[in-house]
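Chemist: I'd like to go over a predicted model; first the sequence, then the structure.
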Amino acid sequence: MYPPAVRGAGSVYWTPLSVAARAATLLATDAVTRVLDVGAGVGKFCIVGAAVTQASFVGVEQRGHLVAIARAAALRLGVPTVRFEHGGLDAVDPAAFDAFYFFNPFEENTWDAEDQLDQSVVLSRQKFVEDVARAERLLAAARVGARVVTYHGFGGAMPDGYEHAHREPHPRSYLDLWIKKREGDG
């Protein structure tokens, strides 16, 4: 399905199939649910999510070559309710989504160069701080009722107004479900 160059990175960078399927079912409450995958990589979570639910999935990814791989995989598998966008969180309208998935998409910024996926984007500790702040603002601006699932967290703190609704163990980490119950305090 995926080119050999990205296949080898799967155990570190892409959500395991069983985790992707379970996370998708926690996020997709019905057929009109719109889910955003932050740091979608090669699109594995979105493709699995669209295959096991009736929801729509959008993946946002900063590496253009991974977006191209994700689009090709979705096309090859005939998954029509999936879309991939090249970019970052600044261009995302949180009101366009009912749910958000994070597989700790910013942690790579804190790793040494030899442990990073590639050098096609700028990665740094400063970018980590900036990306986490963007994610916190995105989630704070999401509407009441928004659902968030994290696998290995996202590096930040859930904004005011979210309640931790569920936690279950999975290989190497936990899936955590958060639901926005009220507007935050500021």
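Modeler: Sure, I can see it. Numbers count the residues shown, from 1 in each chain.
Chemist: how about the helix or strand harbouring Leu26: buried residues?
Modeler: Element membership for Leu26 (DSSP states H and E) is helix 17-27. Using 16 or more other Cβ atoms under 10 Å as the test for burial, helix 17-27 gives Val19, Ala20, Ala21, Arg22, Ala23, Ala24, Leu26, Leu27. No exception for glycine: its C-beta is placed from N, CA and C like everyone else's.
Chemist: try stretch 57-77
Modeler: 57-63, 66-67, 69-74.
Chemist: which residues sit against the longest helix along the chain?
Modeler: Counting residues, the longest helix in the chain under DSSP state H turns out to be helix 125-141. Applying Cβ atoms under 8 Å, 6 or more residues apart in numbering, the external contacts of helix 125-141 come out as 38, 88-90, 92, 94-95, 100, 102, 105-107, 109-110, 146, 148, 154-162, 180, 184.
Chemist: In CSV, could you pull the C-alpha coordinates for stretch 60-69?
Modeler: This file holds the C-alpha atoms of stretch 60-69, laid out as CSV (Å, rounded to 0.1, in the frame of the first residue of the first chain):
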residue,chain,number,x,y,z
VAL,A,60,-3.8,18.1,7.7
GLU,A,61,-0.1,17.5,7.2
GLN,A,62,2.9,19.8,6.9
ARG,A,63,4.9,17.5,4.6
GLY,A,64,3.7,17.8,1.0
HIS,A,65,5.1,14.4,-0.1
LEU,A,66,3.2,12.6,2.6
VAL,A,67,0.0,14.4,1.6
ALA,A,68,0.5,13.1,-2.0
ILE,A,69,1.1,9.5,-0.6
